[in-house]
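Trainee: What shape does this take:
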Amino acid sequence: MKYLLLLICITSLFACQQPQADLIIKNAKIYTVNNQFDTASVMVIKDGKFIAIGNEQLLSQYKADSMLDAEGQYIYPGFMDAHCHFTGYAKDQYKLALFGTKSFAEVIEKLNAYALTNKRAWIEGRGWDQNDWENKNFPVKDTLDVLFPNTPVFLMRIDGHAILCNQKALDLAQIDQNTKITGGEVEIVNGKLTGMLFDNAVDLMKKVLPPRTSDEIIQDFVQAEQACVRLGLTSIVDCGINKSTVENLQTAYKENKLQIRSAVMLSDEKENYDTYLHQKPYRDDKMHIVGYKVYADGALGSRGAYLLDAYSDKHNHYGYLLTPIDSMQSIAQKVYQTNYQLCTHAIGDKANREILKIYASVLKEKNDRRWRIEHAQVLNQLDFHLFGDYSIIPSVQPTHATSDMYWAKDRIGPERIKFAYAYKQLLTQNNWLPLGTDFPVESLNPLYTYYAAVFRVDKNMYPTEGFEKENALDRIDALKGITIWAAKSVFEEDVKGSIEPGKMADFVIVPIDLLHADAKSIYNATISQTFIGGKKVYQQTK
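Mentor: Residues are numbered from 1 along each chain as shown. Next comes the predicted model:
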């Protein structure tokens, strides 16, 4: 009897010495994505952070309020989108979705149905892509003028760099045949407005769109977050937002309406420079204002990307330089005097060359400023080395390759395509590469990013040999691209991006092994559970 009492006392003493945790997850296959790319089966979480990662022995070393059996599923660091438009996606949700339409006639059909219930003063839509239509010419406004003579119509192309408007909208924006714009175009054919506006001309129309209230916008953010966490996104980098959007985000976080973590690039606007440039970059556990986003050129799909040589399918057209060179040089000099990053959208080879030259002239040598070129989509083979020489970070979106591959060669020809979407070649410059989606231009799904980066095929496994397969990433690098390298791209690798003690407990549970599963399984995979700060924010219903 005395031995039994002694055993009970010893057991009780040992139990009292066990550290208390909030959550223990066991029976998992954990990819930590730490420096050694270790794997584990148990992790322990307290106060929103990982405190221990290991194997079954941890179960006797800690006690917890909750225990979760992962049932052999796979756990990864929370996925992070290194380049997207979260707030833009959120604020577009009330608009008519035109993604995936197969003809302009289908667009018209959707508009007619939408108009029956639309209560707003304008008809607004987004997502059409003429490259998906049999007739790949840009549409014209004639049908819109007949159907909606008194209701302004604003239809944004999928990339956000072109819009189709009817005459009523053009009149409200005071756009006519005499309107001139630098870095864009008001299209005129046979002396008539077609209704198509490109790049900087789009801003003329945006200025007259009816505003939404802050309450509406914050609710938009909440709905957008729900879409993100269902796909395993725990962090995003939101590219190019204005001061009022920053303030709405801060309000949403202050009121605990948002959990997803965001790094924010400020848009290239005087108000943003006047307000934030003299301040130390704002950062807390949920929101981080990291830098400024500037546009060098437009998009390839709308022939706005700025090229060294003319478009192969539109002779004597070179695209658009959206921000003058001297302005970009001045911005670079200003930002260099601060702790902010400079992040520049550059798609065409001419735009990339100009930005690389400007960055090089300011940075002067290798560094840890992590200035970024967003997209780095079409490059001249002579310019790749500048990324490595000056520690310039290419921020790329693999699904652009598999979305554009059907028509990209038509735009730039067989020689230039060899140095487009060149992710492997870009990776070798700095030996790390952040990956994003550019949503809503592409799907929000980070597993599609992984799939496109590794396999370079579309959902139907086309082309069988992979598009420019020599520039595919291996599976480990692709996983790093949507986790630790995405975090590193905004100076956050100290707190997220891998499963390590002391880091924020953001992670996803997935039924499949991304490092070994076949392509089809990865494309069709769903998220079982998503956690932010050790708290479950999504669970798949069975």
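Trainee: tally of neighbours for residue 117?
Mentor: As a burial measure, residue 117 scores 6 neighbours (other Cβ atoms under 10 Å). Yep, even glycine has a C-beta here, placed from its N, CA and C like the rest.
Trainee: Tell me the secondary structure of it, please.
Mentor: coil (DSSP: H, G, I helix; E, B strand; the rest coil).
Trainee: Can you give me the distance of it to residue 96?
Mentor: Plainly put, residue 117 is 10 Å away from residue 96 if you go by Cβ to Cβ, to the nearest Å.
Trainee: pLDDT-wise, which helix or strand of the chain ranks last?
Mentor: helix 2-17 (a mean of 45; mean pLDDT, DSSP states H and E).
Trainee: next helix or strand past that helix?
Mentor: strand 20-26 (DSSP states H and E).
Trainee: Go ahead and name everything in contact with the helix or strand harbouring residue 247.
Mentor: Using DSSP H and E, residue 247 sits within helix 243-254. Contact with helix 243-254 is made by 87, 214, 217-218, 221-222, 241, 258, 262, 264, 266, 269, 271-272, 275, 284, 286-287, 289, as judged by Cβ atoms under 8 Å, 6 or more residues apart in numbering.
Trainee: Among those residues, which lie within strands?
Mentor: Cross-referencing the contacts of helix 243-254 against strands under DSSP state E gives 241, 262, 264, 266, 287, 289.
Trainee: The last one contacts residue 275, correct?
Mentor: This means residue 289. No: taking contacts as Cβ atoms under 8 Å, residue 289 lies outside contact range of residue 275: 10.3 Å.
Trainee: quick one, which of these two is more surrounded?
Mentor: residue 289 (22 against 14).
Trainee: So that one versus residue 96, what's the distance?
Mentor: Distance from residue 289 to residue 96, counting by Cβ to Cβ: 32 Å.
Trainee: Residue 151 too?
Mentor: Distance from residue 151 to residue 96, by Cβ to Cβ: 13 Å.
Trainee: Assumed residue 237 was part of a helix.
Mentor: No: under three-state DSSP, residue 237 sits outside any helix and is assigned strand.
Trainee: Name the residues linked to it by a beta bridge.
Mentor: Beta-bridge partners recorded for residue 237 (DSSP bridges): residue 263.
Trainee: How many neighbouring residues does it have?
Mentor: Number of residues near residue 237 (other Cβ under 10 Å) recorded here: 31.
Trainee: Next: the one 3 residues further on.
Mentor: Residue 240 is surrounded by 22 other residues when neighbours are defined as other Cβ under 10 Å.
Trainee: Pull the contacting residues for it.
Mentor: With contacts defined as Cβ under 8 Å, 6+ apart, residue 240 is in contact with 85, 265-268, 293, 295.
Trainee: any idea how far it lies from residue 532?
Mentor: According to Cβ to Cβ, residue 240 stands 24 Å off from residue 532.
Trainee: what do you get for residue 269?
Mentor: Taking Cβ to Cβ as the measure, residue 269 falls 30 Å from residue 532.
Trainee: which of those two has more neighbours?
Mentor: The neighbour comparison of residue 269 against residue 532 (other Cβ under 10 Å) goes to residue 532, with 25 against 14.
Trainee: tell me the domain boundaries of this protein?
Mentor: The chain breaks down by automatic domain parsing into domains covering 2-72, 95-206, 213-498.
Trainee: and these as CSV, adding distance to residue 523?
Mentor: Compiled in CSV, the domains of the chain are given as follows (distance: least, Cβ to Cβ, whole Å):
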stretch, distance to residue 523
domain 2-72, 19
domain 95-206, 17
domain 213-498, 5
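Trainee: so of those, which one's packed in deepest?
Mentor: Among these, domain 213-498 has the highest mean neighbour count (mean count of other Cβ atoms under 10 Å), at a mean of 20.
Trainee: Distance from the chain centre to that one, please.
Mentor: Relative to its chain's centre, domain 213-498 lies at 7 Å (Cα atoms, centre = their mean, to the nearest Å).
Trainee: Could you check the angle the helix holding residue 247 makes with strand 261-267?
Mentor: If you take axes from the mean of the first three to the mean of the last three Cα atoms, to 10 degrees, helix 243-254 sits at 170 degrees to strand 261-267.
Trainee: So which residues of the stretch 351-500 of the chain form strands?
Mentor: For the stretch 351-500 of the chain, applying DSSP state E, counting those that start in this stretch gives strands covering 372-375, 393-395.
Trainee: elements contacting the first one?
Mentor: Which is strand 372-375. strand 341-346, helix 349-363, strand 393-395 (3 or more Cβ pairs under 8 Å, 6 or more residues apart in numbering; DSSP states H and E).
Trainee: do the last one as well
Mentor: For strand 393-395, the contact count by 3+ Cβ pairs under 8 Å, 6+ apart identifies strand 372-375, helix 423-430 as packing neighbours.
Trainee: and of the ones you listed, who's closest to residue 509?
Mentor: Proximity to residue 509 (Cβ to Cβ) singles out helix 423-430 among the helices and strands packed on strand 393-395, at 27.5 Å.
Trainee: ok so, going back, hey, C-alpha coordinates of the helix holding residue 247 in CSV?
Mentor: Only the C-alpha atoms of helix 243-254 are listed here, as CSV (Å, rounded to 0.1, in the frame of the first residue of the first chain):
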residue,chain,number,x,y,z
LYS,A,243,-4.6,55.7,-47.1
SER,A,244,-8.3,55.2,-46.6
THR,A,245,-8.0,51.4,-47.2
VAL,A,246,-5.1,51.3,-44.7
GLU,A,247,-7.3,53.0,-42.2
ASN,A,248,-10.2,50.6,-42.8
LEU,A,249,-7.8,47.6,-42.4
GLN,A,250,-6.5,49.1,-39.1
THR,A,251,-10.1,49.5,-37.9
ALA,A,252,-11.0,46.0,-38.8
TYR,A,253,-8.0,44.6,-36.9
LYS,A,254,-8.7,46.9,-33.9
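Trainee: For it, give the mean pLDDT please.
Mentor: The average pLDDT within helix 243-254 is 97.
Trainee: And for stretch 167-182?
Mentor: Summarised as a single mean, pLDDT over stretch 167-182 is 94.
Trainee: contact partners of it?
Mentor: 122, 141, 144-145, 148-154, 165, 186, 188, 191-193, 195, 197, 200-201, 204-205, 207-208, 324.
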